[in-house]
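here is a sequence together with a model predicted from it:
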Amino acid sequence: MPAAEPAAKKSGPLAGLIVVEMAGLGPVPLAALMLSEMGADVLRIERADTGRPFLPLPPEYDLDRHGRTILTVDLKEPEGRDFVLGLLARADVLIEGFRPGVMERLGLGPDTVTASNPALVYGRMTGFGQDGPLAARAGHDITYLALSGALHAIGPREKPVPPLNLVADYGGGAMMLVSGVLAALVERARTGKGQVVDAAMVEGAAMLSAPLHAYMAAGLWHDARGDNLLDGGAPFYDTYETADGRHVAVGCLEPQFFAAFARLLPLDRHFVARQYDRTVWDDMRAAVAARFLLKARDDWTKIFADSDACVAPVLTLTEAKDHPHNRARRTFVQAGALERPAPAPRFSRTPAAPAMPPDGKREPLATVLARFGFTEEEAEALAGKGIAGQ
């Protein structure tokens, strides 16, 4: 069956690519947003029998719905399943984040779908993967992060601290799903065949920590939190409170950067020669902490501004938007009523564009479905029976 026609000409390296997103939470919607901003035409399928109970947002702030065409489909009815199979017959990519077996029970598993579209890249996002003893278990970012070993390494010595939901959910989840889908598309360009991408957040989070395993095997990393170079164990790679109750981040690992840091703080010169001598780290930390308490955060920012001391103010999410470098690079952009991070990464010839919120001007269902080979009469019949709608 011929491929579907994109909604409209979009910029970005994925322009012309058709992606079907099965609506869910967390990493799959973020992956769909990223693919959309890279130019893909994303069609989001929301089940007619489920709501959005978790963190409901107004449409102008709901990134799960930005940059997509959205359809509701009654997947309890055989006609709803057949309708989605018809869409997938013309799609390039499917991404879904249900527990293992759910898509199969809906009649939309890989074997069924690829029978009519063997070139489809079928992206699957779960916490534990499609098989294994925990495959059917529920969890969230903190669950997967804990089982990957990475959570143990994050936070002060007293206890692990979850790094928001950035490491397993979005880093080990959405980013791994996107990279897997793109890799499968590259392989498809050579062979003409699609494949299943099995992205598990536990495995993604574990992969992100691969260098730590190498350092540990080489004896350069201790399997104890707060005792290493990059986890706050070193006094020259940590955060410090300032006189106004805010914080600065210090990351002067290399001797030349540490020397610049010590000169501007200032820090006693005997510490410079003994930067990596662990026997002086407690005294060094106390001296650095005492110095930072003498001035406000922004005063320290000015002192270190023109140096390579690797000192930065710890900005709030709001403050980050107004930092001069972020403004110069347009790191944050306006998307309707929402000021949000700009699409990343950047492309020199085919720039990505921010996905915009729904504008209230719904594209007629018949027009949407015409791109997938459905006639106007078929679209009207589907809408009339409550099988598909907007």
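Yep, that arrived.

please work out the average pLDDT along the strand or helix carrying residue 45.
For residue 45, the host element (DSSP states H and E) is strand 41-47. The average pLDDT within strand 41-47 is 95.

where along the stretch 101-250 of the chain do the helices fall?
Counting by DSSP state H, counting those that start in this stretch, the stretch 101-250 of the chain has helices at residues 102-105, 110-116, 141-148, 176-191, 201-208, 210-217.

same list (those helices) but as CSV, adding mean neighbour count, mean pLDDT and distance to residue 313.
Bear in mind the C-beta positions are built from the backbone N, C-alpha and C, glycine included. Shown next, in CSV, are the helices of the stretch 101-250 of the chain (neighbours: other C-beta atoms under 10 Å; pLDDT from 0 to 100; distance: least, C-beta to C-beta, whole Å):
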stretch, mean neighbour count, mean pLDDT, distance to residue 313
helix 102-105, 14, 96, 45
helix 110-116, 15, 96, 48
helix 141-148, 22, 96, 27
helix 176-191, 17, 98, 31
helix 201-208, 23, 97, 26
helix 210-217, 12, 97, 27
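
redo those as a markdown table? Include distance to residue 62.
Putting those into a markdown table (distance: least, C-beta to C-beta, whole Å) gives the following:
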| stretch | distance to residue 62 |
| --- | --- |
| helix 102-105 | 23 |
| helix 110-116 | 28 |
| helix 141-148 | 20 |
| helix 176-191 | 20 |
| helix 201-208 | 22 |
| helix 210-217 | 34 |
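
for residue 25, find the nearest of the ones you listed.
Of all these, helix 141-148 sits nearest to residue 25, with 10.9 Å by C-beta to C-beta.

now do the closest one: distance to the chain's middle.
Its chain's C-alpha centre and that of helix 141-148 lie 16 Å apart, by C-alpha atoms, centre = their mean, to the nearest Å.

C-alpha coordinates for that helix, PDB please?
C-alpha atoms of helix 141-148 as PDB (Å, rounded to 0.1, in the frame of the first residue of the first chain):
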ATOM      1  CA  ASP A 141      11.200   6.600  36.700                       C
ATOM      2  CA  ILE A 142      12.400   6.100  40.300                       C
ATOM      3  CA  THR A 143      11.700   2.300  40.100                       C
ATOM      4  CA  TYR A 144      13.700   1.800  36.900                       C
ATOM      5  CA  LEU A 145      16.500   4.100  38.100                       C
ATOM      6  CA  ALA A 146      16.700   2.100  41.400                       C
ATOM      7  CA  LEU A 147      17.000  -1.300  39.500                       C
ATOM      8  CA  SER A 148      19.600   0.100  37.000                       C
END
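
contacts made by that helix with the rest, please.
Applying C-beta atoms under 8 Å, 6 or more residues apart in numbering, the external contacts of helix 141-148 come out as 26, 127-128, 134, 151-152, 154, 160, 162-169, 172-173, 200-203, 205-206, 209.

hmm, try it at 6 Å
Applying C-beta atoms under 6 Å, 6 or more residues apart in numbering, the external contacts of helix 141-148 come out as 127, 151, 162, 165, 167-169, 201-202, 205-206.

could you give the angle of it to helix 201-208?
60 degrees (axes from the mean of the first three to the mean of the last three C-alpha atoms, to 10 degrees).

done for today, thanks.
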